[in-house]
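# coords below, sequence missing:
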């Protein structure tokens, strides 16, 4: 059994992973019949801007209802008005609570553009310094990213419990520094695959007590 006409044959030369559909998808049309939901999300965003109080919003529903398209519509509508961080949860990282934050930090610091871990660590140090943060934060953030410490920094000698607490404080300091540049929208996709909700709530709650009047929004 064959073919009547010649066919084009392709050979796979290489592959690479992407964190989410949004990386490879084209601009998606606005969801149909979701005007009320879109207005609610936009209203929450405006409330954050007006009050300066961070909020965490959960968009839930059965698979295939268009949650992802709804979020993409919000992101497209806010283009140029805020910083957008995106993190994604996967079943294999279910027990890695900070995985979405790690992804977002890697993307913002442009670590994926570099290959060697030491170069990525140096880029992380530059990123932290550009935000006006203390170099000691790098000693807490680098292990979270699976990176070696840059030259001149010593490993943390804190107990595991205290190290976790200081790491959360470091992430909070990073968030506060970022929102001083522009409002921050942090999107987490497929949260059901990770125990990230409590940490997201903790960050939002701490931010509400940490941001000054010029650092207006985290969502």
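Yep, that arrived. Not measured: the values here are computed from a predicted model. Numbering: from 1, shown residues only.

# any idea which helix is longest in the chain?
What stands out as the longest helix in the chain, according to DSSP state H, is helix 160-179.

# counting by contacts, list what that one packs against.
The contact analysis (3 or more Cβ pairs under 8 Å, 6 or more residues apart in numbering; DSSP states H and E) places helix 160-179 against helix 99-108, helix 136-144, helix 197-210. For every residue, glycine as well, the C-beta is placed using N, CA and C.

# in it, what's buried?
166-168, 170-179 (16 or more other Cβ atoms under 10 Å).

# and residue 162, how far from residue 143?
Going from residue 162 to residue 143 by Cβ to Cβ, to the nearest Å gives 14 Å.

# one more: residue 184?
Here residue 184 is placed at a distance of 24 Å from residue 143 (Cβ to Cβ).

# neighbour count winner among these two?
Neighbours per residue (other Cβ atoms under 10 Å) separate residue 184 from residue 143, with residue 184 holding more: 23 against 15.

# now do the contacts for residue 181.
By Cβ atoms under 8 Å, 6 or more residues apart in numbering, the residues touching residue 181 are residue 83.

# can you tell me the SS state at it?
coil (DSSP: H, G, I helix; E, B strand; the rest coil).

# that one and residue 51: what is the separation?
Counting by Cβ to Cβ - residue 181 and residue 51 are separated by 19 Å.

# and if you look at residue 123?
As judged by Cβ to Cβ, residue 123 and residue 51 stand 35 Å apart.

# neighbour count: these two, which is higher?
Neighbour count, other Cβ under 10 Å: between residue 123 and residue 51, residue 123 has more, with 18 against 12.

# wait, the more buried one sits on residue 110?
Yes - using Cβ atoms under 8 Å, residue 123 makes contact with residue 110 at a distance of 6.9 Å.

# confirm that residue 158 sits in a helix.
No - counting by three-state DSSP, residue 158 is located in no helix; its state is coil.

# spatially nearest residue to it, not counting backbone neighbours?
Take residue 158 and drop its neighbours on the chain: the residue closest to it by Cβ to Cβ, 6 or more residues apart in numbering is residue 166, 6.2 Å away.

# burial measure for residue 129, as a count.
13.

# excluding chain neighbours, what is closest to it?
Ranked by Cβ to Cβ, 6+ apart and with sequence neighbours excluded, the top spatial neighbour of residue 129 is residue 135, at 6.9 Å.

# phi and psi next, for the one you found.
Phi and psi for residue 135, reported as degrees, to the nearest 10, are phi -60, psi -20.

# need the contact list for it.
Going by Cβ under 8 Å, 6+ apart, residue 135 touches 125, 128-129, 152-153.

# could you rerun that using 10 Å?
125, 128-129, 150, 152-153 (Cβ atoms under 10 Å, 6 or more residues apart in numbering).

# quick one: buried ones out of the residues you listed?
With neighbours counted by 16+ other Cβ under 10 Å, the contacts of residue 135 contain buried members at 125, 128, 150.

# where does the prediction get shaky in this structure?
Counting by pLDDT under 70, the chain contains low-confidence residues at 1-2, 14-30, 90-97, 190-219.
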